[in-house]
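*Asks:* build me a model:
(one chain, ligands or ions: 1)
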Amino acid sequence: MCYMQRIVEMIDIKKIRADFPILQREVYGKPLVYFDNGATTQKPRVVVDSIVDEYYSVNANVHRGVHFLSQQATVLHENSRETVKQFINARSTNEIIFTRGTTESINLLACSFGEAFMEEGDEVIISVMEHHSNIVPWQLLAARKGIGIKVIPMNDKGELLIDEYKKLFSEKTKLVSVTHVSNVLGTINPIAEMIEIAHANGAYVLVDGAQAVPHTKVDVQELDADFYAFSSHKIYGPTGIGVLYGKEDLLDRLPPYQGGGEMIQTVTFEKTTFNELPFKFEAGTPDYIGTTAFAKALDYVTAIGLDAIAAYEHELTTYATQRLKEIEGMRIFGEADSKGSVISFLVNDIHHFDMGTLLDRLGVAVRTGHHCAQPLMQRLGITGTVRASFGIYNTKEEIDVLAEGLKRISSMF
Ligand code: PLP
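*Replies:* Residues are numbered from 1 along each chain as shown. The predicted structure is shown next:
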């Protein structure tokens, strides 16, 4: 038996499913098949319990109280930062900024980096497969500061053209901001190589890791990423929490993003001095209840093991691709050699919205539409797709429900 098979067999799917109470529910009288994990994942009991327990037994504002509860809440909150640090192998907790999610992490960087490191005429490189949250912040910066935006193209399999990428650099290129894994195509971009190329051209790199961190081991030091953004809710944690990782020497040189409590050292009406990292970027009361629960989610994933998760999800995706290809008129968008657990598709000329609505009636939750990637849809020449995205609790039996449902629906048209 090969190594991959051995680690897949270590996954106790029954036990994992039992950890997620929502998977027991029915939709329209059918067992729920939840294939919208790219949008958000379901939460295991340990995560929800953590939220309830902390509100009931610890709740107090962090960092500013001498009293027992405040100190206990602060310890929990800062321990969570340590958990995140270890999860992505950052050098220090000073490099872990808590945000509201990937979107806020990218906006933070666009504002701060744009302010300190970019001037009119400078350029940022993004790719054709970016989520809107890695396009619009750069457009806002372009409108404010007159920077240019260049776009890495892709081939028809959905792989970025690295030779074309190399040609986009000029002495004006200050930053590459690119997704690690596409939320539509599932493409796993060769991010380490792309970072090396950027650095050789004197540019920094921000990686949008929203779709990578839940499915594969990410080591920011090994990647040599300058900045890395991701969201808690896509990795079985609560909504409203995210992370911006940044190399400490770079974060030190960036100005604050928002002003308020927590991010200051001293304030007079004439002048304010700023707090040290990471607090300089965390104005206001943080979601400390959320960060504790987020750490529980990371511990949960770590206990299963990211290698096992990646292998198991790879097996699911391979099986699903094979089953979907049995369906007449099936078009799959994104067939990169290196691909994560996302399948975007259309069947004949059935509208993605109709397909999604009919699948829903069978209890199958998929996403339909442009998936916040309208420029990518334009590149593909379509208005949207149906997207099935898998998580650690999904099974081959559920994929059979999807495949049989698709067959039934397409025969109706
Ligand atoms: N980037 C990618 C690739 C995504 O898939 C998403 C969400 O779907 C985001 C960014 C935005 O994440 P959030 O809404 O958690 O900020």
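*Asks:* pull up the gap between Val366 and Met355, please.
*Replies:* Going from Val366 to Met355 by Cβ to Cβ, to the nearest Å gives 8 Å. All C-beta spots, glycine's among them, are computed from the backbone N, C-alpha and C.
*Asks:* comparing the two, which residue is more hemmed in?
*Replies:* Val366 (26 against 23; other Cβ atoms under 10 Å).
*Asks:* shared neighbours of Val366 and Met355, anything?
*Replies:* Shared contacts of Val366 and Met355 (Cβ atoms under 8 Å, 6 or more residues apart in numbering): Val386.
*Asks:* CA atoms only: put stretch 330-339 into PDB for me.
*Replies:* Output of stretch 330-339 as PDB, limited to C-alpha atoms (Å, rounded to 0.1, in the frame of the first residue of the first chain):
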ATOM      1  CA  MET A 330     -20.200  18.100 -18.700                       C
ATOM      2  CA  ARG A 331     -17.600  21.000 -19.000                       C
ATOM      3  CA  ILE A 332     -15.100  21.300 -16.100                       C
ATOM      4  CA  PHE A 333     -13.400  24.600 -15.700                       C
ATOM      5  CA  GLY A 334      -9.900  24.200 -14.300                       C
ATOM      6  CA  GLU A 335      -7.900  21.100 -15.100                       C
ATOM      7  CA  ALA A 336      -4.500  22.100 -13.800                       C
ATOM      8  CA  ASP A 337      -2.000  19.400 -13.100                       C
ATOM      9  CA  SER A 338      -1.800  20.700  -9.600                       C
ATOM     10  CA  LYS A 339      -5.300  21.100  -8.300                       C
END
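*Asks:* need the residues that contact it.
*Replies:* Looking at what lies outside stretch 330-339 - Cβ under 8 Å, 6+ apart - the contacts are 157-159, 182, 184-188, 190, 317, 321, 324-325, 342-347, 380, 382, 385, 406.
*Asks:* centre of the chain versus it, how much separation?
*Replies:* Relative to its chain's centre, stretch 330-339 lies at 19 Å (Cα atoms, centre = their mean, to the nearest Å).
*Asks:* any of the contacts of stretch 330-339 buried? List them.
*Replies:* 158-159, 182, 184-188, 190, 317, 321, 324, 342-347, 380, 385, 406 (16 or more other Cβ atoms under 10 Å).
*Asks:* just checking, which of these belong to strands?
*Replies:* Among these, DSSP state E puts Val342, Ile343, Ser344, Phe345, Leu346, Val347, Thr385 in strands.
*Asks:* which of the residues in stretch 268-278 are buried?
*Replies:* By neighbour count with 16+ other Cβ under 10 Å, stretch 268-278 contains the buried residues Phe274, Asn275, Leu277, Pro278.
*Asks:* just stretch 372-391 next, same as before
*Replies:* For stretch 372-391, burial by neighbour count (16+ other Cβ under 10 Å) applies to 372-373, 375-377, 379-380, 384-391.
*Asks:* buried residues in stretch 216-231?
*Replies:* Neighbour-count burial for stretch 216-231, counted by 16+ other Cβ under 10 Å, picks out Thr216, Lys217, Val218, Val220, Leu223, Ala225, Asp226, Phe227, Tyr228, Ala229, Phe230, Ser231.
*Asks:* and the ligand, which of those reach it?
*Replies:* Checking the buried residues of stretch 216-231 against the ligand by Cβ under 6 Å from any ligand atom, the ones in range are Ser231.
*Asks:* using TSV, please lay out the buried residues of stretch 216-231 together with secondary structure.
*Replies:* TSV is the format used below for those (DSSP: H, G, I helix; E, B strand; the rest coil):
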residue	secondary structure
Thr216	coil
Lys217	coil
Val218	coil
Val220	helix
Leu223	helix
Ala225	coil
Asp226	coil
Phe227	strand
Tyr228	strand
Ala229	strand
Phe230	strand
Ser231	strand
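*Asks:* pLDDT for the buried residues of stretch 216-231 - can I get that in a markdown table?
*Replies:* Supplementary listing: the buried residues of stretch 216-231 in a markdown table, determined by pLDDT from 0 to 100:
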| residue | pLDDT |
| --- | --- |
| Thr216 | 95 |
| Lys217 | 96 |
| Val218 | 98 |
| Val220 | 98 |
| Leu223 | 98 |
| Ala225 | 98 |
| Asp226 | 98 |
| Phe227 | 98 |
| Tyr228 | 98 |
| Ala229 | 98 |
| Phe230 | 98 |
| Ser231 | 98 |
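*Asks:* so which of the buried residues of stretch 216-231 is the closest to Ser177?
*Replies:* Among those, Phe227 lies closest to Ser177 (Cβ to Cβ), at 8.4 Å.
*Asks:* pretty sure that closest one sits against Gly209.
*Replies:* No: using Cβ atoms under 8 Å, Phe227 is not in contact with Gly209, being 9.9 Å away.
*Asks:* got the domain ranges for this protein?
*Replies:* Using automatic domain parsing, the domain ranges for the chain come out as 3-31+305-412, 48-302.
*Asks:* and those domains, which is most packed in?
*Replies:* Comparing the domains of the chain by mean neighbour count (mean count of other Cβ atoms under 10 Å), domain 48-302 comes out on top with a mean of 19.
*Asks:* and that one, how far apart are its ends?
*Replies:* For domain 48-302, the separation between the terminal residues is 17 Å (Cα to Cα, to the nearest Å).
*Asks:* next: stretch 326-342.
*Replies:* In stretch 326-342, first residue to last residue: 18 Å (Cα to Cα).
*Asks:* point out where the protein drops to low pLDDT.
*Replies:* Applying pLDDT under 70 to the chain flags residues 1.
*Asks:* spell out which parts of it neighbour the ligand.
*Replies:* So the chain meets the ligand at Gly101, Thr102, Thr103, His131, Ser133, Asn134, Thr179, Asn183, Asp208, Ala210, Gln211, Ser231 (Cβ under 6 Å from any ligand atom).
*Asks:* quick check: the farthest pair among those residues?
*Replies:* Farthest pair in these, by Cβ to Cβ: Gly101 and Thr179, 14.6 Å.
*Asks:* mind listing what Gly158 touches?
*Replies:* Here Gly158 is in contact with Met129, Ser182, Leu185, Gly186, Thr187, Phe333, Gly334, Glu335, Ala336 (Cβ under 8 Å, 6+ apart).
*Asks:* the closest residue to His63 other than its chain neighbours and the ligand, how far apart?
*Replies:* Closest residue in space to His63, ignoring its immediate chain neighbours: Thr74 at 5.6 Å, by Cβ to Cβ, 6 or more residues apart in numbering. Computed as Cβ to the nearest ligand atom, to the nearest Å, the Thr74 to the ligand distance reads 26 Å.
*Asks:* cheers, nothing more for now.
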